[in-house]
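In: need a 3D model of the following:
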Amino acid sequence: MTLLKRLLYNNNRHAVAGLLGLLLLLSPLVASCGAPAPLQMTPINLGIPQAALNSPVIGPLPDTTQLRVGITFKV
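Out: Okay, the predicted model is just below:
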C-alpha cells in the first residue's frame, strides 16, 4: 500500500497505470479460484443398431476407417 501511495505522490502516472492494469488482469483469476464442479458421466446413445452390435467379428478394420458420430448438447 505504501508503494501505491508513493507512486501516486511522485506523480508517476505510467507506473500507476501499469499497476492498475496488472490488478485488473489478475482480479478475474483471483475471483474464479474455487472448487470446480464435479464431473457427471452421462451415457451417450450413438444409435447403432442391435444387429450391428451383435455382428460377428471377421477381421480388424483398417486404421483409415471413419466412424461418423454426431453429438448434440442441450444446455
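
In: hmm, who's touching stretch 49-68?
Out: Stretch 49-68 is contacted by no other residue when judged by Cβ atoms under 8 Å, 6 or more residues apart in numbering. Bear in mind the C-beta positions are built from the backbone N, C-alpha and C, glycine included.

In: report the rounded mean pLDDT for that stretch.
Out: In this model, stretch 49-68 has an average pLDDT of 84.

In: in it, what counts as buried?
Out: Within stretch 49-68, no residue counts as buried by 16 or more other Cβ atoms under 10 Å.

In: and that stretch, how far out from the chain's middle?
Out: How far stretch 49-68 lies from its chain's middle: 33 Å, per Cα atoms, centre = their mean, to the nearest Å.

In: ok, stretch 65-75 next?
Out: 19 Å.

In: quick one: terminal-to-terminal distance for it?
Out: Taking Cα to Cα, to the nearest Å, stretch 65-75 runs 32 Å from one end to the other.

In: repeat for stretch 31-46
Out: Separation of the first and last residues of stretch 31-46 by Cα to Cα is 39 Å.

In: then stretch 64-74?
Out: Span of stretch 64-74 from end to end, Cα to Cα: 31 Å.

In: just stretch 68-75 next, same as before
Out: Using Cα to Cα, one end of stretch 68-75 lies 23 Å from the other.
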